[in-house]
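Asker: what follows is a predicted structure for the sequence shown.
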Amino acid sequence: MQKKFVNVLFLSVSLSILSASVARAENNKIVIDTDKSVNMAISIYNNGMGFVRDVREVELERGGNLIAFQGVSEQINPESAMLTGEGVSVKEQNYNYNLLSPCNLVENMVGEKVKTARLDEKTGKEIFNTAKIIDSVNCRPVLQFDYGIETEFPGRIIYEKLPKNLITEPTLDIRLRNKTPGKKKLQLAYLTNGIKWNAAYVAEVGKDNVMNLNGWVTIDNRSGADFEKASVQLVSGSVNSVQPVVMPRMYAVSMKAAVSDAAMPENAMGGMAPESFGDYYLYELPKRVDVKNNQSKQISLFEKENVRFERVYKATSPLYAGLNLRENEFENNHPEVVFKLTNSEANGLGLPLPQGVVRFYEKDAKGNMLFVGESSFPQLAKGGKAELVSGKSFDVALNGKLRNVTKLSKESFEADFEITLKNAKNESVKVEFEQVFNGNWEIVSESQTSEKKNASTALWRVEIPANGEKVLTFKSRITAL
């Protein structure tokens with residue numbers, strides 16, 4: 001009986017100590033604001049996701065501590081949050097996102113009394129009164145005065161206090177155990193939505209098939225957090241995500257307009273050297289930068305001069321070439337203008353290039369730079385090839401016709417094709433002309449040797465002289481599959 005009493009007493013004392021520890025932690029919440037950040041780093045992915053590592057310094061007591069990690073992203077994925085520190089173990093964490101806003105203030109003051117002020121149009125003076133907020137409809141308060149209820153009060157509401165559960169910035173409350181008291185560096189790492197980056201390229205196309213190619217990176221931050229003096233890595237590659245991070249709520253506040261930073265000069269940035277990392281590439285900014293919320297920041301990626309390319313014109317025939325052939329024709333078909341790039345050092349490149357958009361500029365006869373088109377730029381590894389379509393040619397046109405259709409059998413046809421390629425430019429051009437066939441096909445005869453691009457397409461590479469034309473003819477036989 002005495003032993004049982006001792007055990008009960010020991011348990012009671014233990015629970016009392018634990019209860020006191022929890023109460024102490026609750027009453028002595030340690031607020032770690034952004035001013036206590038000693039190291040900020042963020043890796044930004046193409047898909048609008050960022051991985052934040054925020055190190056802050058704090059004085060901890062031995063045992064239980066409750067800390068408020070302020071200034072985290074509004075679009076944080078709470079399940080991804082990881083707090084680490086020497087001798088520290090996390091017991092519980094809560095993400096508090098009930099931010100102070102006009103709408104949240106009204107909703108959280110339902111049942112409370114407030115002061116009101118209304119302008120007396122006759123006297124020009126304000127009339128003050130007291131009312132109770134009995135409800136909130138679409139962020140508009142329903143007020144109960146001593147004379148009745150107002151749903152569209154034509155005045156101001158004055159709040160004498162703030163609800164305790166409203167905070168000024170997103171906060172992660174963390175309950176932890178600490179082995180040794182003193183100053184500690186705690187790192188909070190988490191995933192967030194709302195921040196992304198993309199690449200853009202400016203191509204100044206010159207003569208002799210060379211261009212100056214400049215790469216830019218744009219970082220767009222809509223995460224709801226400022227990342228000040230941050231070490232920034234840009235991750236190029238497709239990272240799998242099980243599902244989009246679901247945000248707790250959307251604020252009823254209009255988004256501020258994006259702010260575009262002035263581009264940093266190359267001598268300040270020093271360029272970004274890509275680094276291979278698994279199946280991805282990392283581009284690390286050589287100096288720390290401020291990535292503000294609701295801000296779009298542009299940074300130079302590289303500058304390359306005399307990048308070699310090949311300009312070709314690509315056209316796909318609209319002529320039907322399948323079973324049940326019939327005579328048909330087309331006129332004034334303008335081919336696409338295509339810039340072919342090979343990502344090699346021999347051609348002036350030779351570095352991993354992230355996906356983006358490239359815009360082409362050329363000088364006119366007076367030397368004025370003009371915009372001539374844009375194209376999607378694929379993710380391009382070293383040695384990779386890209387075909388960039390800038391638009392359609394005005395000076396190059398194709399006319400075509402299909403004639404002398406002969407039915408050889410129930411499932412076999414033969415026909416003659418005639419394609420006239422015209423060039424109004426003062427220089428010769430190369431045209432890649434493709435004809436798609438439906439069914440089994442073969443070229444019976446042709447005025448110029450073709451290539452079999454794939455199982456259904458024949459390709460001819462035709463060079464048209466300056467201010468001239470070229471006629472391509474071929475006969476094909478088509479049978480059912």
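Answerer: Great, that's in hand. Numbering: from 1, shown residues only.
Asker: the residue nearest to residue 331 when sequence neighbours are not counted: neighbour count?
Answerer: Nearest non-adjacent residue to residue 331, counting by C-beta to C-beta, 6 or more residues apart in numbering: residue 399, 5.0 Å away. Heads up, the C-betas are built off the backbone N, CA and C, glycines and all. A count of neighbours around residue 399, defined by other C-beta atoms under 10 Å, yields 16.
Asker: and whichever strand or helix holds residue 399, what does it pack against?
Answerer: Taking DSSP states H and E as the criterion, residue 399 maps to strand 396-409. When contacts are defined as 3 or more C-beta pairs under 8 Å, 6 or more residues apart in numbering; DSSP states H and E, strand 396-409 packs onto strand 328-333, strand 412-423, strand 429-436.
Asker: same for the second one, what does it pack against?
Answerer: Counting contacts by 3+ C-beta pairs under 8 Å, 6+ apart, strand 412-423 packs against strand 396-409, strand 429-436, strand 457-464, strand 468-479.
Asker: report the buried residues of it.
Answerer: 413, 414, 415, 416, 417, 418, 419, 421, 422, 423 (16 or more other C-beta atoms under 10 Å).
Asker: including pLDDT and distance to residue 444, could the residues you listed go into CSV?
Answerer: Shown next, in CSV, are the buried residues of strand 412-423 (pLDDT from 0 to 100; distance: C-beta to C-beta, whole Å):
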residue, pLDDT, distance to residue 444
413, 90, 12
414, 92, 7
415, 92, 10
416, 94, 9
417, 96, 11
418, 96, 14
419, 97, 16
421, 97, 21
422, 97, 26
423, 96, 28
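Asker: which one of the residues you listed is nearest to residue 207?
Answerer: Distance to residue 207 across the buried residues of strand 412-423 (C-beta to C-beta) is lowest for residue 423, with 17.8 Å.
Asker: quick one, strands of the stretch 1-150 of the chain?
Answerer: Under the criterion DSSP state E, counting those that start in this stretch, the stretch 1-150 of the chain contains strands at 30-32, 37-45, 49-60, 63-70, 82-84, 88-96, 113-119, 126-137, 140-145, 148-150.
Asker: quick one: closest of these to residue 103.
Answerer: Taking C-beta to C-beta, strand 126-137 is the member of these nearest to residue 103, at 8.1 Å.
Asker: closest one to residue 130 among the helices and strands packed on strand 396-409?
Answerer: Of all the helices and strands packed on strand 396-409, strand 328-333 comes closest under C-beta to C-beta, at 78.4 Å.
Asker: helices or strands up against the next helix or strand after the closest one?
Answerer: Downstream of strand 328-333, the next assigned helix or strand under DSSP H and E is strand 336-342. Judged by 3+ C-beta pairs under 8 Å, 6+ apart, strand 336-342 is in contact with strand 310-316, strand 385-392.
Asker: and the ones you listed as a markdown table, adding distance to residue 179, mean pLDDT and mean neighbour count?
Answerer: Below are these laid out as a markdown table (distance: least, C-beta to C-beta, whole Å; pLDDT from 0 to 100; neighbours: other C-beta atoms under 10 Å):
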| stretch | distance to residue 179 | mean pLDDT | mean neighbour count |
| --- | --- | --- | --- |
| strand 310-316 | 66 | 95 | 18 |
| strand 385-392 | 56 | 94 | 16 |
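Asker: among these, which comes closest to residue 451?
Answerer: Proximity to residue 451, assessed across those by C-beta to C-beta, is greatest for strand 310-316 (13.6 Å).
Asker: quick one, that closest one and strand 328-333 angle?
Answerer: Relative orientation of strand 310-316 and strand 328-333, computed by axes from the mean of the first three to the mean of the last three C-alpha atoms, to 10 degrees: 150 degrees.
Asker: this structure - how does it break down into domains?
Answerer: 22-38+60-96+170-191, 102-158, 310-479 (automatic domain parsing).
Asker: could those domains be laid out in TSV, adding distance to residue 219?
Answerer: Shown next, in TSV, are the domains of the chain (distance: least, C-beta to C-beta, whole Å):
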stretch	distance to residue 219
domain 22-38+60-96+170-191	14
domain 102-158	29
domain 310-479	13
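Asker: between those, which one is nearest to residue 234?
Answerer: Closest to residue 234 of these is domain 310-479 (C-beta to C-beta; 7.6 Å).
Asker: chain center to the closest one: distance?
Answerer: Counting by C-alpha atoms, centre = their mean, to the nearest Å, domain 310-479 is centred 33 Å from the centre of its parent chain.
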